[in-house]
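[1] Quick one, what's the 3D model for this:
(3 chains)
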Amino acid sequence: MIAFIKKEVQHILRDYRTMIILFGMPLIQVLIFGFAITNEIKNANLVVIDHAKDYQSVRLIQKMTSSGYFKLSGYASTVDESEQLFKSGKAKQILVIENDFAEGLRQNSARIQIISDATDPNVAEQLKNYTIGIISSFTAEQRDLPSPALKVNVSSQMYFNPELKGVFLFVPGTMAVILMLVSAMMTSISIAREKETGTMEVLLVSPLKPWQIIVGKVTPYVVLSFINALTILALGFWVFGLPIQGSFILLLAEILLYIIMSLSLGIFISTISSTQQIAMMLSMFALMLPTILLSGFVFPIENMPSFLQGLSCIMPSRWFIIIVRDIMLRGNGLTHIWMETMILCLMILFFLGLSIKNFKVRLQ
Amino acid sequence: MDREKVIEVKNLVKKFGSFTANDNLTFDVYKGEIFGFLGANGAGKTTAMKILCGLSKPSSGDIRIVGYDVYHETERIKNSIGYMSQKFSLYDDLTVWENFRFFGGIYGLSRKEIESQTQLLLNRLGIWSYKDRIISSIPLGWKQKLAFSVAIMHRPAIVFLDEPTGGVDPVTRRQFWDLIYQAASEGYTVFVTTHYMDEAEYCDRVSIMVDGRIRALDTPENLKSTFDCQDMQDVFIKLAREAKYQ
Amino acid sequence: MIFILPIVQLLILSYTATFEIKTTRLAIVDQDGSVSSRDLISSFSGSGFFKIKQFCNSVKEAEELLYSRKVHQILVIENGFEQNLKTSEKGGKIHLLVDAVDGSAAGIRAGYAQQVINQYVKKINLEILGVSRFQEPITIEYSNWYNPMMKYTVFMVPGILVLLITLIGMFLTSMNIVKEKEIGTIEQINVTPIRKWQFIAGKLFPFWVIGLFELAFGLVVARVVFGITVAGSYPLLFSIAAIYLIMVMSLGLLVSTLVETQQQAMFISWFFLVIFILLSGLFTATESMPQWVQYFNYFNPVAYFIKVIRLLVLKGAGLAQLYNIILVMIAYAGLALTLAVLRYKKTV
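    Below is the predicted model of the structure:
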């Protein structure tokens, strides 16, 4: 058995390219999510059509461009001209200020038009909201409006992630994907390789028992996965200030559970694929893409059509991501995540059971 | 006959649903013998061999390998046999020594035994200097000899060779058979399947399977005279023509 | 297989890849229990966007709902809300407690809540003070071009087409060539009179055709299922796609020269693709990313094509608007192909 693990480690170490990818991938992904991916919009290209050209319109434009949300990309004189700017990607929003703006302000008859590039509806909506905010603070500065007699004082409090950092959301997902990649994909490929090269037959003829072969195969990958998980946690903690509110021990235990789950999935895939290529394709298309898309990693599950929401329930990563977010961000304990944990356990039993059944059929 | 039997097969039957892959096989193999197991593709060779190796269970029959029963004592059987598949089955990305160490390890050899056996076997092949080379960089012929050496490293009573010479040139094949003779003279029993009829001539005894049954079993000399043929090739073709499915 | 899979992906991706927020589950702690607080609550329930999940007696009880993911937000209306609304200088007090695990969604949800509250304030002021004293000095008119229904699929479908074409170009090419290497057929090719570049061209050509075919197929699906039609010109679209395929296939070829096994090819392609895609602007706007990403995107083929395809398909941009991007793409394709072929000749 120890000989087996040693051999497996040698396989892994000899393939240094894969090693680099396996360790580099989580680093790069977390860094990208932390530094580059943001849903906040900055420097959106704004084109202005200023029909009024008076001191008030100039002040409004200045206020827009100094907000940080917008960057003045140019002026246009007609709507037709501005369409060209939309088409060449030089404008995200067009602000049209109608004639007699300054005069209109005094008489409550000033008019403004906002034309949005709605190809990306979220961005369009957000930019529109920013603009409305800027305009209303502009009007408030301009003159003493009768302050509303009745006021509501709203104080908001952001729980679990007060600075609304995107990386808080993405780290658990990255972990789910990487662990799935290392555990399920790597084991299924490496078992399929033994089958392809005929060494599996030799192993089966040897006095090793099937469970010893399996344990020997997966142990190094458990270690690899664990190192990866810790790297991601460390990076999140020290670089992005991602806290671990709940129990660290519980978190590690859940990670281990998920790794075991991925491994049993990998073993299952290897029992139904005869070559490395099939194992690879199966894990790539049947495993990786759904893991990324249907797990709530990037796109919230509750926004999806109900059919896909149902489908997402069979994704182990969906439950794992909930667990990790609960422990790390909400600081919850087992009382909140026992159901998700149970589901992962059931999945392990299910895949291991299926694998054993397939294995027996083959030996019959 | 008072020679020691290492493989005893009585009325072996293996069915897959309604298809009978092995129909009532009965034969014995003696210690130190080179036993050729011949048959066209699909005749049921591989199925029978899997049963003898303990990889698969027969539907019925009484089979003993080195005295152990294939139904209940597969673990003991596995410890006393060696196996080499048609793909040579060494780890391509490991070195020669790492392969020896691994296979020795899974048969429970001590480090000392592994070292001495590796040295013995590699020196016999005259390639001690290959010890630290990666398998994928070694020519096919050498890989095949290495795979055989690995298969007898733990000194099994029987070595099963499943079409061991596929894709190898005649000279290397001849050298490989020298290795087999040497092993047999040291007391190893060799059970070999092959497609090459010239190799069948090298065996002590040969069985020929047709449609899941053993159609003939004797020394090559006797077979040739029984069927009135010049060489084994003709014997084989004569028998294989009887097959229902060609 | 090679055709069905991408289409299934196109369908699933288009439905899953959405940041559109449709609903917010709300818990309410009404400590005031007055006419005004009930009025405010009915503004929330009448908004269509908020779904009131539960009324709680204490903040503690509501917080538990937040912790167990049952609600997104808690609205706490403080004791004395009605009183303060009418008399206090600061106004009636309410608290909004938001689950911010998903930061951007939390921001948007809080924004919607603020809008509902503003509407409410406006409404009660109108009722009491009358219309004239509360008129806005500026009237704003809105129009949403290119996607008046504000559908998210319109935005995502062209991007996902890019994704699929990229997968074919980079993944399949690199894996296929490495496979040749693995099973040793390349050596057989070497003994034939075929020149290496001919061999490469022969290898790449089928994928190039498959890629273009898949684009055509995807456009049909986009039209039938999502009602998205190409606003620009088809010949231009396919010409650009042809250039783009050469770009990514060259990269695939380059990857194949760096590796020995299909497994490595897959991992390396995967590694670069993830980076390319995340930074390409497929999901989030590149303008909002830091400056180094903008520089990086000069080397990112996916970023170019995403930009072009959205301009062309959705807005109907033509050669006049796109020519400089196209020129850059041609230069990139030429450079990458030369590099890949040279390196390939050296290594095999």
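[2] how about the nearest residue to whichever residue of the stretch 101-250 of chain A sits closest to chain B, chain neighbours excluded?
    For the stretch 101-250 of chain A and chain B, the shortest gap (C-beta to the nearest C-beta) falls at residue A:198, measuring 3.2 Å. The C-beta positions use only the backbone N, C-alpha and C, and glycine is treated the same way. Distances taken as C-beta to C-beta, 6 or more residues apart in numbering or on different chains place residue B:87 nearest to residue A:198, at 3.2 Å, with adjacent residues excluded.
[3] coming back round to it: next up, the contacts around the residue of the stretch 101-250 of chain A closest to chain B.
    B:85, B:86, B:87, B:88, B:89 (C-beta atoms under 8 Å, 6 or more residues apart in numbering or on different chains).
[4] Could you check how far the residue nearest the centre of chain A is from residue B:188?
    A centroid search over chain A (C-alpha atoms, centre = their mean) returns residue A:298, at 3.1 Å, as the residue closest to the centre. Relative to residue B:188, residue A:298 is positioned 61 Å away (C-beta to C-beta, to the nearest Å).
[5] rewinding a little: wait, isn't the residue nearest to the centre of chain A in contact with residue A:304?
    No: under the criterion of C-beta atoms under 8 Å, residue A:298 makes no contact with residue A:304, lying 12.0 Å away.
[6] Around residue C:61, how many other residues sit close by?
    Other residues within reach of residue C:61, judged by other C-beta atoms under 10 Å in any protein chain shown, total 14.
[7] Torsion angles phi and psi at it?
    When quoted as degrees, to the nearest 10, the phi and psi of residue C:61 stand at phi -60, psi -40.
[8] Which pLDDT value belongs to it?
    Here the pLDDT value assigned to residue C:61 is 93.
[9] Now do the contacts for it.
    The neighbourhood of residue C:61, defined by C-beta under 8 Å, 6+ apart, consists of residue C:29.
[10] Residue A:157 contacts residue C:99, doesn't it?
    No: with contact defined as C-beta under 8 Å, residue A:157 does not reach residue C:99; the gap is 10.6 Å.
[11] Give me the below-cutoff pLDDT ranges for chain A.
    A:1, A:39, A:143-149, A:361-364 (pLDDT under 70).
[12] Spell out which residues belonging to it are near chain B, please.
    Within chain A, the positions lying close to chain B (C-beta under 8 Å from any C-beta of the partner chain) are A:2-4, A:6-7, A:10-11, A:14-15, A:197-199, A:201-209, A:363-364.
[13] Quick check: helices, which of those are part of them?
    Using DSSP state H, the members of the residues of chain A next to chain B that fall within helices are A:2-4, A:6-7, A:10-11, A:14, A:197, A:199, A:201-205, A:363.
[14] buried set for stretch A:332-349?
    For stretch A:332-349, the neighbour count (16 or more other C-beta atoms under 10 Å in any protein chain shown) marks A:332, A:336, A:337, A:340, A:341, A:343, A:344, A:347, A:348 as buried.
[15] Packing partners of the host helix or strand of the fifth one?
    When you say that, I think you mean residue A:341. Using DSSP states H and E, the element containing residue A:341 is helix A:334-363. Using 3 or more C-beta pairs under 8 Å, 6 or more residues apart in numbering or on different chains; DSSP states H and E, the elements in contact with helix A:334-363 are helix A:248-272, helix A:316-325.
[16] what angle do it and helix A:248-272 make?
    20 degrees (axes from the mean of the first three to the mean of the last three C-alpha atoms, to 10 degrees).
[17] what angle do helix A:334-363 and helix A:316-325 make?
    Relative orientation of helix A:334-363 with respect to helix A:316-325: 150 degrees, computed using the same axes, to 10 degrees.
[18] Can you give the distance from helix A:334-363 to the centre of its chain?
    In terms of C-alpha atoms, centre = their mean, to the nearest Å, the centre of helix A:334-363 is set 26 Å apart from its chain centre.
[19] what's the answer for stretch C:332-344, then?
    30 Å.
[20] any residues touching it, and which ones?
    Where contact means C-beta under 8 Å, 6+ apart, the residues beyond stretch C:332-344 that reach it are C:196-197, C:200, C:243-244, C:246-247, C:250-251, C:253-254, C:256-257, C:301, C:304.
[21] Residue B:101 and residue B:114 touch, don't they?
    Yes: proximity of residue B:101 to residue B:114 meets the contact threshold set by C-beta under 8 Å, at 5.7 Å.
[22] Any idea how many residues pack against residue A:129?
    Counted with other C-beta under 10 Å, the burial measure for residue A:129 works out to 16 neighbours.
[23] Just say helix, strand or coil for the residue nearest to it when sequence neighbours are not counted.
    The shortest distance from residue A:129 to any non-neighbouring residue, by C-beta to C-beta, 6+ apart, is to residue C:111 (6.2 Å). Three-state assignment for residue C:111 (DSSP: H, G, I helix; E, B strand; the rest coil): helix.
[24] burial count for residue C:111?
    Counted with other C-beta under 10 Å, residue C:111 comes out at 13.
[25] all helices of chain B, in order?
    So, for chain B - with DSSP H - the helices run B:45-52, B:74-79, B:96-106, B:111-125, B:140-151, B:170-185, B:197-202, B:220-227, B:232-240.
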